[in-house]
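S.K.: Build me a model:
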Amino acid sequence: MSKFLWKGLLVSPAVLAASLVVSSTALAAEQPGEIAATDQANQLQLAGAATEAAKSETAKPETVEPASLASKSTVETIEKESANLYEGFTNDLIVPVAEPAKAPEVAAADLGETKPAVAPANLSVEQPVAEQIPAVAPANLSETQPAATPTNLSAEKSPAQPDQISQSTDSIAQPPAQSNVLEQIKEYTTEGSSSENAAGQVTSVSQLSDVRPTDWAFQALQSLVERYGCIAGYPDGTFRGNRAMTRYEFAAGLNACLDKVSELIQGGSRSLATREDLASVQRLQEEFAAELATLRGRVDALEARASELEANQFSTTTKLNGEVIFGLAGIARGEDAEGNEADKATAFGSRVRINFDTSFSGEDLLRTRLQVLNLGAFSTENTKTAEGELRFNVGPFGEANNIVALDALLYQFPIGNRTTVILEANAGAADDFVNTVNPYFDGDGSYGALSNFGTRNPVYYLLGGSGIALRHEFGEKLELSLGYLAGDAANPTRGNGLFNGSYGALAQLTFKPSDSMALGLTYVNSYNLITNTGSNASNFPQRLGSFGFDSDTTLPISSNSYGAQASWQLNRRFAIGGWAGYTNQRILSNLATPTGSVQRGDQKVWNWAVTLAFPDLLKEGNVAGILVGMEPRVTSSTNRTLPEDKDTSLHVEGFYQFKLSDNISITPGLIWLTAPDHNKNNSDLVIGVVRTTFTF
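M.R.: Residues are numbered from 1 along each chain as shown. Predicted coordinates:
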């Protein structure tokens, strides 16, 4: 008996030791919650707190035990390991001994995201970011996105979210958090595989096509942007929103932040990047290395291209642009203004414009235009009336030539934010400073309408030459345009010059109640100028020969004209517009010729039009247009020596502008005059046109 007892005593210590090891291991693996609850119960008895929920948010960090059974020495070792990871940005992983179960009394103890077991409630959300050091933050965790890195460093967190507050607390006050790396890997590799995105499991973040606002990378960059102002392109200086970004878009923003952080470090600024930011930057660099390399390669290529262009550019302040029009036109049928059959010859010609646009401040414009015309006017010999004249030829009653001449020469500059001044040195026109309220038709011959009349209300042609103009905006809906142009300002002889010769003065109010609607009210006072549209009677002061007066002298006239223009785009593919114009034309002197005499008097001249436009018809960029109107017609005169138009001729015009490319368009069209020169005795006149426009 004594022998067995002695042997039992020898075996008992070994059995006892084994039992203790097994018991402690089981207790550590299965009952951390109970121990944590017991610890908190002891704290409750000492502090006398009221509720269990309040304890989880108000417990002081120095009195809260870690949510594990690791010894104090082990905890200190983990803290040192994690600090070393931040200092050296190593690739080592810290794997906790075991994953303790959640204790319901501990708020936000989400160990799967390596957050502290208890969030101290007495720590402000807006603590200095320089002290934000999470418990575990490996610098390189491949592409499985470790949750230890702060996902959002902005200071706009609600105190009711302890799991987020815990990321912005002092590292000294935080208990060392434990994580389960296997659970993290499982979580991130299955991200996005819900029923809504059943595209298959993603095993690497690099396989994702977009960066979403919920991704750690998006939130990390958002924090960097908000604290360092890396991206100035956003109106409020932040990087927010709920739109997913492509990885290349994201890389562009990341690259800007990398440059900003590097600038801070190299410049020795007081606001140097913190260790946490450097860790985030390194992780983002590693995650988006391929996209950054591609982006920087593209930037290098663009910089090289820009350097090449700068080395070979025409001017640092001037841009060259231009247009070439090839025009094929002919009269298909009809009679001229004198009742004779019109010549049906087909003409082919061109108009070339070269613009040198110069800007010295970025807000001003100096335009110098050279022009060559070699397409003659039909009104000279064919139709013998300004009705139906083309916009891109030499003009009514003009002769073709191939002489390069200076056309438009102007300089415009702003005064304040709402006023623009335009100085017209040569060949100025109303459309240089006025909205003619005729979209889709007023392309000055390059696009839109084919005829002078179809381009804009004829009252706008009652001024031109050299002078000054002003445009002022009274907000977004109302604009005032004022202009004074002299017809022969460069001639210093008697009866000419800036103020003694022909001139036109214009004032217009343009009202735009919406982007799709505009209304213009226009007044023009002019001297010795005509519209060069409509009948010979409306241009009588300079068309005396067509009425049998044997004289090369023109009659001095003054006129007051009024115009109303409107345009309304009902939808993306249909717009309606039109205008009405009235001119009171006064003959200022008597004229005696060998074939008769002309007495002083007044003529009343009217014109009107209705326009229909069909943008993007059949193809985006194409435009079809139909215009029906009456070119200027003398409806009455004060004496019998001044001619009147007894009949009414309608101007019907249709065109279809087909866009071959961004730089080439072809526009076939027809112009139909029902009674040429407002004389029903003349048979209908039909003019066919094919216009090809090249821009560069």
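
S.K.: Quick one: find the helix or strand in the protein with the lowest mean pLDDT.
M.R.: helix 162-165 (a mean of 35; mean pLDDT, DSSP states H and E).

S.K.: just checking, residue 303 is part of a strand?
M.R.: No: counting by DSSP: H, G, I helix; E, B strand; the rest coil, one finds residue 303 to be helix, located in no strand.

S.K.: tell me the contacts of it?
M.R.: Residues near residue 303 by C-beta atoms under 8 Å, 6 or more residues apart in numbering: none. Using the backbone N, CA and C atoms, a C-beta is placed for each residue, glycine as well.

S.K.: show me what contacts residue 322?
M.R.: 352-355, 695-696.

S.K.: Are any of those buried, and if so which?
M.R.: The neighbour count (16 or more other C-beta atoms under 10 Å) marks 352-355, 695 as buried among the contacts of residue 322.

S.K.: Out of those residues, the closest to residue 488 would be?
M.R.: Comparing the buried ones among the contacts of residue 322 against residue 488 with C-beta to C-beta places residue 353 closest, at 22.9 Å.

S.K.: Local confidence estimate at the closest one?
M.R.: Per-residue confidence (pLDDT) for residue 353: 97.

S.K.: for it, helix, strand, or coil?
M.R.: Per three-state DSSP, the secondary structure class of residue 353 is strand.

S.K.: In this structure it contacts residue 370, no?
M.R.: Yes: the pair residue 353 / residue 370 is scored as a contact, 7.3 Å apart, by C-beta atoms under 8 Å.

S.K.: shared neighbours of those two, anything?
M.R.: With C-beta under 8 Å, 6+ apart, residue 353 and residue 370 have common neighbours residue 407.

S.K.: ranges for the helices of the stretch 451-600 of the chain?
M.R.: Per DSSP state H, counting those that start in this stretch, the stretch 451-600 of the chain carries helices over the ranges 452-455, 497-500.

S.K.: helices and strands around the last one, which ones?
M.R.: Using 3 or more C-beta pairs under 8 Å, 6 or more residues apart in numbering; DSSP states H and E, the elements in contact with helix 497-500 are strand 478-486.

S.K.: End to end on stretch 333-343, go ahead and measure it.
M.R.: This stretch, stretch 333-343, spans 9 Å end to end (C-alpha to C-alpha, to the nearest Å).

S.K.: quick one: average pLDDT of it?
M.R.: Stretch 333-343 comes out at a mean pLDDT of 93.

S.K.: go on, stretch 483-493?
M.R.: Computed over stretch 483-493, the average pLDDT equals 94.

S.K.: May I have that stretch exported as CSV, CA atoms only?
M.R.: Extracted C-alpha coordinates of stretch 483-493, given in CSV (Å, rounded to 0.1, in the frame of the first residue of the first chain):
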residue,chain,number,x,y,z
GLY,A,483,-22.7,99.6,-81.6
TYR,A,484,-21.6,102.4,-84.0
LEU,A,485,-19.9,101.5,-87.3
ALA,A,486,-18.9,103.9,-90.1
GLY,A,487,-18.9,102.8,-93.7
ASP,A,488,-15.8,104.7,-94.8
ALA,A,489,-14.1,105.6,-91.5
ALA,A,490,-10.6,105.5,-93.0
ASN,A,491,-11.2,108.1,-95.6
PRO,A,492,-10.4,111.6,-94.2
THR,A,493,-12.0,113.5,-97.1
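
S.K.: contact partners of that stretch?
M.R.: Counting by C-beta under 8 Å, 6+ apart, 422, 424, 426, 428-430, 433-434, 463-470, 496-499, 501-506, 528-529 sit against stretch 483-493.

S.K.: same question, stretch 680-689
M.R.: Counting by C-beta under 8 Å, 6+ apart, 327-337, 339, 342, 378, 383, 387-388, 390, 450, 647, 649, 655, 667-676 sit against stretch 680-689.

S.K.: one more time with 7 Å
M.R.: 327, 329-335, 337, 339, 342, 378, 383, 388, 390, 450, 647, 669-676 (C-beta atoms under 7 Å, 6 or more residues apart in numbering).

S.K.: With stretch 633-648 instead?
M.R.: 534-535, 537-538, 540, 547, 587, 597-599, 601-607, 630, 675, 678-680.

S.K.: got the buried residues for it?
M.R.: For stretch 633-648, by 16+ other C-beta under 10 Å, it's 633-635, 637, 641-645.

S.K.: Output it as CSV - backbone C-alpha positions only.
M.R.: Extracted in CSV, the C-alpha atoms of stretch 633-648 (Å, rounded to 0.1, in the frame of the first residue of the first chain):
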residue,chain,number,x,y,z
ARG,A,633,-40.5,95.1,-99.9
VAL,A,634,-41.6,98.7,-100.3
THR,A,635,-45.2,98.7,-99.3
SER,A,636,-45.8,102.5,-99.8
SER,A,637,-44.1,105.8,-100.6
THR,A,638,-45.0,109.4,-100.1
ASN,A,639,-44.7,110.6,-103.8
ARG,A,640,-45.0,109.1,-107.2
THR,A,641,-41.3,109.5,-108.0
LEU,A,642,-40.3,106.9,-105.4
PRO,A,643,-41.0,103.3,-106.6
GLU,A,644,-43.3,100.9,-104.8
ASP,A,645,-43.5,97.1,-105.0
LYS,A,646,-47.0,96.2,-106.2
ASP,A,647,-46.8,92.5,-105.6
THR,A,648,-45.3,90.1,-103.0
